[in-house]
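Trainee: One predicted model, sequence on top.
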Amino acid sequence: PARSGLLAINEEGGVHVQQRARPRRNRKSEGLRSMVRENVVTPANLIYPLFVHTEAENVPIPSMPGCVRHTVDSVVREVGEARALGVRSVILFPKIPEELKTNAADECYNPSGLVPTLVATLKAKYPDVAVWTDVALDPYSDQGHDGMVSDDKRGDGGCGRIMNDETVEQLCRQALCQARAGADVVAPSDMMDGRVGAIRDALDGAGFTDVSIVSYTAKYASAFYGPFRDALDSAPRESSNAPRNKKTYQMDPANSREALIEAALDVAEGADMLMIKPGMPYLDIIRRLREATDLPLAAYHVSGEYAMMKAAVERGWLDEREAVMESLLCFKRAGADAILTYYAKQAAEWMNE
Ligand code: PBG
């Protein structure tokens, strides 16, 4: 064959790029690729978020195809199925009936409320599953806020304020109630200042030194929580005295140094694990925190990310399995140890194949 003269010719007469280091050699077969693979995700790395309510039937969540608000029986079954696939952690999110919602959100520490009852049921049935509970007022708030709203107009834009310290006291009551019911992990998602230390002290003072705190350390005021708020009817209300957004407590998506400030406080206050949320758009934050602390990190692949994936899959624009497994791996590569994802059960099924 005619030679262009652009490359060297080897002894066999073939063209030859004079290149000694060829990274492709480590990719030449699945045997070698799997030998040099830097990250793997296993079902044990996944935490399965589940929505639960007190109604008689499961109710599908339109903006989260494949997810439902479970009845208590159904959620117990779902946890059993996930466990059989190797998912060892679940986190519970309740939809609370409107008539139980108040500004102070006192239902959040009712020992016979939905979450404590369910935690006790799950721990009795599956003692080896780690049951996580969310610590925040929003599902219980008639304002749709994670904290109590003042009735003055001294806050952002002439609205009411989210009252930090009064809220922290409620969060301590909530975390204690969850611990008494048997929660293994309490996860404050409210972003009030000082809540991790206060909850740690409250738990320790009541004898719950073994209950872990996974802090939502870097939780951003994100548009990607929309479907979750649909699921629980927990969005900030028009009728609230406070603004219809969570920007005075959740972080500004423009910031990353601020995540380091939050992380340093949570570490000092005794957090056992730090969470970054949302997930995929915030991989840089996962990486920064990975470099700043040796504590385990969790990433939350949130409802809006799930909805985007499902929407593209429904249109045939993405291969669901490939896209989900790649996304989970990206969290690991960025530095997360654990991943909260609505795909937990499905992904574990794929991993087991
Ligand atoms: C509530 C809470 C939210 C999520 C987890 N805990 C919503 C919010 O802050 O408005 C979002 C999870 C998701 O979108 O999947 N404190």
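Mentor: Great, that's in hand. Numbering: from 1, shown residues only.

Trainee: hey, where'd the strands end up in the stretch 1-150 of the chain?
Mentor: 8-9, 15-16, 46-52, 59-60, 68-70, 89-94, 130-135, 148-149 (DSSP state E, counting those that start in this stretch).

Trainee: could you give the angle of the helix or strand hosting residue 171 to strand 89-94?
Mentor: Under the criterion of DSSP states H and E, residue 171 resides in helix 164-181. Counting by axes from the mean of the first three to the mean of the last three C-alpha atoms, to 10 degrees, helix 164-181 points 120 degrees away from the direction of strand 89-94.

Trainee: same for helix 164-181, what does it pack against?
Mentor: Judged by 3 or more C-beta pairs under 8 Å, 6 or more residues apart in numbering; DSSP states H and E, the packing partners of helix 164-181 are helix 114-125, strand 130-135, strand 148-149, strand 185-188, helix 195-205. Using the backbone N, CA and C atoms, a C-beta is placed for each residue, glycine as well.

Trainee: wait, residue 118 sits on residue 71?
Mentor: No: under the criterion of C-beta atoms under 8 Å, residue 118 makes no contact with residue 71, lying 10.4 Å away.

Trainee: So between those two, which is more surrounded?
Mentor: residue 118 (22 against 17; other C-beta atoms under 10 Å).

Trainee: The more buried one and the ligand, how far apart?
Mentor: Distance from residue 118 to the ligand, counting by C-beta to the nearest ligand atom, to the nearest Å: 17 Å.

Trainee: so who does that residue touch?
Mentor: 52, 72, 75, 76, 92, 94 (C-beta atoms under 8 Å, 6 or more residues apart in numbering).

Trainee: switch the cut-off to 6 Å
Mentor: residue 72 (C-beta atoms under 6 Å, 6 or more residues apart in numbering).

Trainee: Tell me, what's the model's pLDDT at it?
Mentor: According to the prediction, residue 118 has pLDDT 98.

Trainee: Residue 63 now?
Mentor: pLDDT at residue 63 comes out at 97.

Trainee: gap between it and the ligand?
Mentor: 10 Å.

Trainee: Around residue 49, count how many other residues there are.
Mentor: 23.

Trainee: quick one: the helix holding residue 171 to chain centroid distance?
Mentor: Centroid separation between helix 164-181 and its chain, computed with C-alpha atoms, centre = their mean, to the nearest Å, is 20 Å.

Trainee: helix/strand/coil for the residue nearest to the spatial centre of the chain?
Mentor: In the chain, the residue lying closest to the centroid (C-alpha atoms, centre = their mean) is residue 300, at 2.9 Å. Assigned with DSSP: H, G, I helix; E, B strand; the rest coil, residue 300 falls in the strand class.

Trainee: re earlier: Throw the helices and strands packed on helix 164-181 into TSV and include distance to residue 24, thanks.
Mentor: Shown next, in TSV, are the helices and strands packed on helix 164-181 (distance: least, C-beta to C-beta, whole Å):
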stretch	distance to residue 24
helix 114-125	48
strand 130-135	42
strand 148-149	59
strand 185-188	43
helix 195-205	47
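
Trainee: Would you tell me which of these gets closest to residue 310?
Mentor: strand 130-135 (22.4 Å; C-beta to C-beta).

Trainee: Name the residues of that closest one that are buried.
Mentor: For strand 130-135, burial by neighbour count (16 or more other C-beta atoms under 10 Å) applies to 130, 131, 132, 133, 134, 135.

Trainee: Same question for stretch 162-170.
Mentor: For stretch 162-170, by 16+ other C-beta under 10 Å, it's 162, 163, 164, 167, 168, 170.

Trainee: what does stretch 267-277 rub up against?
Mentor: So stretch 267-277 is contacted by 196-197, 200, 212-219, 263, 266, 282, 285-286, 293, 295-300 (C-beta under 6 Å, 6+ apart).

Trainee: what about 7 Å?
Mentor: Stretch 267-277 is touched from outside by 196-197, 200, 212-220, 263, 266, 282, 285-286, 289, 293, 295-300, 302, with contacts defined as C-beta atoms under 7 Å, 6 or more residues apart in numbering.

Trainee: Over to stretch 138-145?
Mentor: Contacts of stretch 138-145 (C-beta under 7 Å, 6+ apart): 93-96, 101-103, 105, 107-108, 137, 146, 149, 162, 232, 234-237, 240, 242.

Trainee: ok so, going back, now the helix holding residue 171: average pLDDT?
Mentor: 98.
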